[in-house]
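Got a predicted structure here, sequence first:
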Amino acid sequence: MNKESKIYIAGHRGLVGSALVRKFQELGYDNLILKTRSELNLLNQQEVADFFAVEKPEYVFLAAAKVGGIGANSTYPADFVYENIMIQTNIIHSAYKNNTKKLLFLGSSCIYPKMAEQPIKEESLLTGELEPTNDAYAIAKIAGIKMCQAYNKQYGTNYISVMPTNLYGPNDNFDLEKSHVFPALIRKFHEAKINKEAEVVVWGTGTPIREFLYVDDLAEACIYLMNNYNDDKIVNIGTGVGVTIRELAESIAKVVGYEGKLVFDTSKPDGTPIKINDVSYLNSLGWQAKTDLLSGIEKTYNWYKSKL
C-alpha cells in the first residue's frame, strides 16, 4: 500500500475500524473509503456489489462484524451467525469480482476450540469443540477464514486472516448488556465511584485468564501485515501475556479510583478457563505489541470520560 492507495475500511466506526482510521491518518494515508451503516448496508448483497463496482477499492480491511460478550452471544445467536456470514460473504465476493489487490479479514481468538492447548497456536483452529457460549459467532468467523483461503486457492486472490486476542480501547461498546468484560468493568467501576457504591459485582469467579491488546496496537499490526504478509496461514495478534479477570478488575478499579469492594458472582458463566495467543509467529514476522495493560486502561478510561 502507498499513501494514495484506495483503501476501504469496513466497520470504520467500530472498535477496530476506528483504530485503523486513526493509524492510517497518523501515517499520512488520505484515500480512505468510509461508509456508515445508513450509507451502505453490508447485509444487502446488491448494495455491496454496487458499492464495489463504483469505488473499486484496492485494499480492503474487513473489520465490520456483529460482536459482543457472553451475555449477548447467549441471547442473540441467530443475529450473530446471520449478520456476520452476510457481511463477510458480501464483501469477500465483491472484492474478488472487482479485482481488489488484497483483503485482510478479522477473525478472533475466541473462535479457537474451548480447550485448545495454551498458549494457542494458529494450527489449533478446528481441532476441538467450540466454546458453547459463542459458537454461532465462531462458526460465522471460521466460515470467513475458510472463504478467504478458498478464494485464494480457486481464484488466486491475496486474502489474509488475522486472529486478534481480546481487544479494548476507544470506541468500544460500553453497553452493560452487550459489552465485553473490559469496557463493562470500566463503566461499572466509574459509575460505582460516582454513586459511592460500597461494592461492584463482577461476573464469574475471577479466575479465568485472559490476554488483552490495546486496539491501536492491533491496527498497527494489521497495516504491517497488509504491507508485509502474503500467506494463507492465519496470524495470531496479541501480547502473549495473560491476566486473571480478578487482576484485570483490580487494575481497572485502581485506574478509575474506585475504593469499594469487589464481589464475584459465581452463578454467572466464566467462559473459557484460559485463553492466551501464542504470538511467536507474528513476532517472527517482525512485529510485537507496545502498549502495556495499565497504560492501555488509562488511555481507554480517559477516552470514556471524554464521551460522558
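Cool, the structure landed. Note that the coordinates shown come from a computational prediction; the quantities given were computed from them, not determined experimentally.

Spit out the contact partners of Tyr151.
Ile92, Tyr96, Thr157, Tyr159 (C-beta atoms under 8 Å, 6 or more residues apart in numbering). Bear in mind the C-beta positions are built from the backbone N, C-alpha and C, glycine included.

again, but for Ala184
Gly69, Phe174, Leu176.

try it again with 6 Å
Leu176 (C-beta atoms under 6 Å, 6 or more residues apart in numbering).

Helix or strand: which one has it?
helix 181-194 (DSSP states H and E).

With only the CA atoms kept, save that helix in CSV.
C-alpha atoms of helix 181-194 as CSV (Å, rounded to 0.1, in the frame of the first residue of the first chain):
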residue,chain,number,x,y,z
VAL,A,181,-15.7,-7.7,30.1
PHE,A,182,-13.2,-4.8,29.7
PRO,A,183,-15.5,-1.9,28.8
ALA,A,184,-18.2,-3.3,31.2
LEU,A,185,-15.8,-3.1,34.1
ILE,A,186,-14.6,0.4,33.2
ARG,A,187,-18.2,1.6,33.2
LYS,A,188,-19.2,-0.4,36.3
PHE,A,189,-16.3,1.0,38.4
HIS,A,190,-16.7,4.5,37.1
GLU,A,191,-20.5,4.6,38.0
ALA,A,192,-19.8,2.9,41.3
LYS,A,193,-17.2,5.6,42.1
ILE,A,194,-19.6,8.4,41.1
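
Helices - which of the contacts of Tyr151 land there?
Ile92, Tyr96 (DSSP state H).

quick one, helices of this protein?
Counting by DSSP H, the helices of the chain are 15-27, 45-55, 70-75, 77-97, 135-155, 181-194, 215-228, 245-256, 280-284, 293-306.

how much does the fifth one deviate in direction from helix 77-97?
In this case it means helix 135-155. 20 degrees (axes from the mean of the first three to the mean of the last three C-alpha atoms, to 10 degrees).

and the gap between the closest residue to Asp270 other than its chain neighbours and Lys261?
Nearest non-adjacent residue to Asp270, counting by C-beta to C-beta, 6 or more residues apart in numbering: Gly204, 4.2 Å away. Note on Gly204: its distance to Lys261, by C-beta to C-beta, to the nearest Å, is 17 Å.

Then Thr205?
For Thr205, the distance to Lys261 - C-beta to C-beta - is 16 Å.

Look at those two and report which has more neighbours.
Each of Thr205 and Lys261 has its neighbours counted (other C-beta atoms under 10 Å); Thr205 has more, 16 against 12.

I figured the more buried one was touching Thr266, is that so?
Yes - using C-beta atoms under 6 Å, Thr205 is in contact with Thr266, at 5.3 Å.

if we can go back for a sec, mind checking which of the helices of the chain is nearest Glu123?
Smallest distance to Glu123 across these (C-beta to C-beta): 9.8 Å, for helix 280-284.

Remind me what that closest one packs against, helices and strands.
strand 235-237 (3 or more C-beta pairs under 6 Å, 6 or more residues apart in numbering; DSSP states H and E).

May I have the strands that pair with the strand it packs on, each with its orientation?
strand 159-164 (parallel) (DSSP bridges).

Mean confidence (pLDDT) on the partner strand, please.
Mean per-residue pLDDT for strand 159-164: 98.

contacts for that strand?
If you take C-beta under 6 Å, 6+ apart as the criterion, strand 159-164 is touched by 103-105, 107, 109, 145, 148, 151-152, 218, 229, 234-237.

what about it, distance to the chain center?
The chain centre lies 11 Å from the centre of strand 159-164; the measure is C-alpha atoms, centre = their mean, to the nearest Å.

That one to helix 15-27, inter-axis angle?
Using the same axes, to 10 degrees, strand 159-164 lies at 110 degrees relative to helix 15-27.

tell me the angle strand 159-164 makes with helix 215-228.
Using the same axes, to 10 degrees: strand 159-164 against helix 215-228 is 150 degrees.

burial measure for Ala78, as a count.
Neighbours of Ala78 (other C-beta under 10 Å): 8.

ugh, wrong one, His12
22.

repeat for Ile7
Using other C-beta under 10 Å, Ile7 is surrounded by 24 other residues.

got a list of what it touches?
Ile7 touches Leu32, Tyr59, counting by C-beta under 6 Å, 6+ apart.

hmm, 8 Å instead?
Met1, Phe24, Tyr29, Asn31, Leu32, Ile33, Pro57, Glu58, Tyr59, Val60, Phe61.

what is it paired to in the beta sheet?
Under the criterion used (DSSP bridges), Ile7 bridges to Leu32, Tyr59.
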